[in-house]
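Peer 1: One predicted model, sequence on top.
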Amino acid sequence: MRKIFSNIQNQEEEAGIDITPMLDVVFIMLIFFIVTASFIKETGIDVNRPQAATAVKKAKANILIAIDANNDIWIDRRQVDIRSVRPNIERLHAENPQGSVIIQADKESKTDTLIQVMDASRQAGVYNVSIAAQEQ
């Protein structure tokens with residue numbers, strides 16, 4: 001009698017479905033979609049850009065820098081000093097060497113600040129620098 005009871009118990013344990021391989025596949029797919037998703041980078045502030053008749057959309061820009069009307073410089077949603085623009089660009093450029101710099105300067109900002117940011121970009125080794133404008 002005891003042997004029959006142990007056989008029934010063994011059969012019940014073997015009847016369970018092992019879902020471990022399915023969970024492995026789901027986690028691998030999740031990691032794949034997270035890694036391949038494109039993330040939108042923003043400067044962190046709204047800039048009132050000037051209009052230009054010849055403005056064209058740039059497909060890919062990895063380093064976005066904003067200059068607001070008070071000549072404050074913003075990179076990655078943080079306000080930075082002009083002296084720290086170059087190290088920030090060097091760091092972001094090291095993450096993606098094919099990246100370019102796009103400067104979003106407000107209409108009311110000074111040209112001097114824009115030139116300083118452009119110089120810092122070139123000193124950091126990024127020569128592909130664009131200035132953002134609105135299409136007319």
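Peer 2: Great, that's in hand.

Peer 1: Could you pull out the strands in the protein for me?
Peer 2: Using DSSP state E, the strands assigned to the chain run over residues 51-52, 63-67, 73-75, 78-80, 101-105, 129-131, 134-135.

Peer 1: hmm, who's touching the fourth one?
Peer 2: If I follow you right, that is strand 78-80. Strand 78-80 has contacts (CB atoms under 8 Å, 6 or more residues apart in numbering) with G44, D72, I73, W74, N88. For glycine as for every other residue, the C-beta is placed from the backbone atoms N, C-alpha and C.

Peer 1: May I ask which of those has the most neighbours?
Peer 2: I73 (25 neighbours; other CB atoms under 10 Å).

Peer 1: Could you give the number of residues near I65?
Peer 2: 27.

Peer 1: residues touching it, list them.
Peer 2: I65 neighbours (CB under 8 Å, 6+ apart): T43, I73, W74, I75, V85, I89, V101, I102, I103, Q104, V117, S121.

Peer 1: Please save the CA atoms from the helix of greatest length in the chain in PDB.
Peer 2: For the chain, the longest helix by residue count, based on DSSP state H, is helix 20-36. Extracted C-alpha coordinates of helix 20-36, given in PDB (Å, rounded to 0.1, in the frame of the first residue of the first chain):
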ATOM      1  CA  THR A  20      11.500  28.800 -16.600                       C
ATOM      2  CA  PRO A  21      12.600  28.700 -20.300                       C
ATOM      3  CA  MET A  22       9.600  30.900 -21.200                       C
ATOM      4  CA  LEU A  23      10.500  33.400 -18.500                       C
ATOM      5  CA  ASP A  24      14.100  33.500 -19.900                       C
ATOM      6  CA  VAL A  25      12.800  34.300 -23.400                       C
ATOM      7  CA  VAL A  26      10.600  37.000 -22.100                       C
ATOM      8  CA  PHE A  27      13.400  38.700 -20.100                       C
ATOM      9  CA  ILE A  28      15.700  38.500 -23.100                       C
ATOM     10  CA  MET A  29      13.100  40.100 -25.300                       C
ATOM     11  CA  LEU A  30      12.500  42.800 -22.700                       C
ATOM     12  CA  ILE A  31      16.200  43.600 -22.600                       C
ATOM     13  CA  PHE A  32      16.400  43.600 -26.400                       C
ATOM     14  CA  PHE A  33      13.600  46.200 -26.700                       C
ATOM     15  CA  ILE A  34      15.000  48.400 -24.000                       C
ATOM     16  CA  VAL A  35      18.500  48.500 -25.600                       C
ATOM     17  CA  THR A  36      17.200  49.100 -29.100                       C
END
